[in-house]
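Visitor: just need the structure, nothing else, for what follows:
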Amino acid sequence: MLDEQKVQELNDTARQLRVDVLKMLNTARSGHTGGSLSALDVLTVLFFQTMRHDPTNPHWPDRDRFVLSKGHAAPALYACLAHGGYFPPEDLKTLRRLGSHLQGHPDMRKTPGVEVCTGSLGQGLSQAVGLSLAARLQKRSSRTYCLLGDGEVQEGQIWEAAMAAAHYQLDNLCVLLDWNGLQIDGEVQKVMGVTPLGPKFLAFGWHVLEVDGHDISAINRALDEAARYSGKPTMIVARTVKGKGVPFFEHKANYHGVPPSDDELDRALEHLGHS
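Guide: This is a model prediction of the structure:
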């Protein structure tokens, strides 16, 4: 259980990461705002509380692995990696520029701390299953974490991977689902209904938890429970808000792939208490 000081520290970190994400998107004049902001509290707990990793040794064999299956939220991952010490924060200004190691979607060949290339939706869970199986075969205690988008689970490959994870009883695999309810074309349920998410993964043989995806303490408790659970992979369904943290971005599908303008950035930073 986290004490109040640690919770406040992680909330402050998440707020700073939102500032970093908005600044890099504004500078790039391109990228995904809504889904980056919705995922940041989950990523903050993962990178700054839960996962075993060492930015001075990104290839440490016993590290935990993270797969950003919803690769378009790369700015959120890059902010975590920069804040965690994998590369200088100044690099964030180069997002999506020619020659930068910060591509529009994660590239394991270019960016320290990125485990696998992602971006083509629906494939990250299969990669996470492979990493989990490899850790078991190598008798390592490392765990694999994977973040899915809710629109992404419309992809059939997700469910093939879900069957494989349950078949192999991958209790070293924990998946978090960013359930913000919106995708680029509108409401997920209207584009292609995916609910009930929890019962579906339960039926596929997973251990399932559901949390408020912006409650740092609740996210941490769920991750701790997942680490203790044996015999099944764990799915944590995290209810989130698209554009979380900036009121005029929240609950709006049209900010899925649109960066903040100069005026919007100024107002967002003021709201986040960043001068």
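
Visitor: please enumerate the strands of the protein.
Guide: Read by DSSP state E, the chain holds these strands, from start to end of the chain: 65-68, 144-149, 173-179, 182-183, 186-187, 207-212, 234-239.

Visitor: so how far is residue 164 from residue 2?
Guide: 33 Å (CB to CB, to the nearest Å). Placement of C-beta: from N, CA and C, glycine included.

Visitor: check residue 208 too.
Guide: Distance of residue 208 to residue 164, given as CB to CB: 17 Å.

Visitor: wait, which of the strands of the chain is closest to residue 255?
Guide: Nearest of the strands of the chain to residue 255, taken as CB to CB: strand 182-183 at 9.1 Å.

Visitor: the closest one pairs with which strands, parallel or anti?
Guide: The sheet places strand 182-183 alongside strand 186-187 (antiparallel), with pairing taken from DSSP bridges.

Visitor: can you name the residues in contact with the strand it pairs with?
Guide: Identification of contacts with strand 186-187 by CB atoms under 8 Å, 6 or more residues apart in numbering yields 181, 253.

Visitor: and that strand, how far from the chain's centre?
Guide: 20 Å (CA atoms, centre = their mean, to the nearest Å).

Visitor: that strand - what's its average pLDDT?
Guide: Per-residue pLDDT values across strand 186-187 average out to 94.

Visitor: how about stretch 135-154?
Guide: 97.

Visitor: which residues touch residue 157?
Guide: Residue 157 makes contact with 122, 123, 125, 126 under the criterion CB under 8 Å, 6+ apart.

Visitor: go again with 7 Å.
Guide: Applying CB atoms under 7 Å, 6 or more residues apart in numbering to residue 157 gives the contacts 122, 123, 126.

Visitor: could you do residue 74 as well?
Guide: Counting by CB under 7 Å, 6+ apart, residue 74 touches 68, 104, 105, 106.

Visitor: between the strands of the chain, which gets nearest to residue 194?
Guide: Across the strands of the chain, residue 194 has its closest neighbour in strand 173-179 (8.8 Å, CB to CB).

Visitor: pairing partners for the closest one, with directions?
Guide: Sheet partners by DSSP bridges: for strand 173-179, these are strand 144-149 (parallel), strand 234-239 (parallel).

Visitor: closest to residue 248 out of the contacts of residue 157?
Guide: Distances from residue 248 to those, taken as CB to CB, are shortest for residue 122 (30.8 Å).

Visitor: wait, what's in contact with the closest one?
Guide: Contacts for residue 122 (CB under 7 Å, 6+ apart) come out as 152, 155, 157, 158.

Visitor: now, of those, which are buried?
Guide: The neighbour count (16 or more other CB atoms under 10 Å) marks 152, 155, 158 as buried among the contacts of residue 122.

Visitor: pLDDT score for the closest residue to the first one other than its chain neighbours?
Guide: Spatial nearest neighbour of residue 152, excluding adjacent residues (CB to CB, 6 or more residues apart in numbering): residue 121 at 4.5 Å. With respect to pLDDT, residue 121 scores 94.

Visitor: residues near residue 191, how many?
Guide: Neighbours of residue 191 under the rule other CB atoms under 10 Å: 15.

Visitor: could you list the low-pLDDT ranges of the stretch 101-250 of the chain?
Guide: Applying pLDDT under 70 to the stretch 101-250 of the chain flags no residue at all.

Visitor: burial of residue 185, as a residue count?
Guide: The burial count assigned to residue 185 is 12, neighbours taken as other CB under 10 Å.

Visitor: go ahead and flag the most central residue of this protein.
Guide: residue 147 (4.5 Å; CA atoms, centre = their mean).
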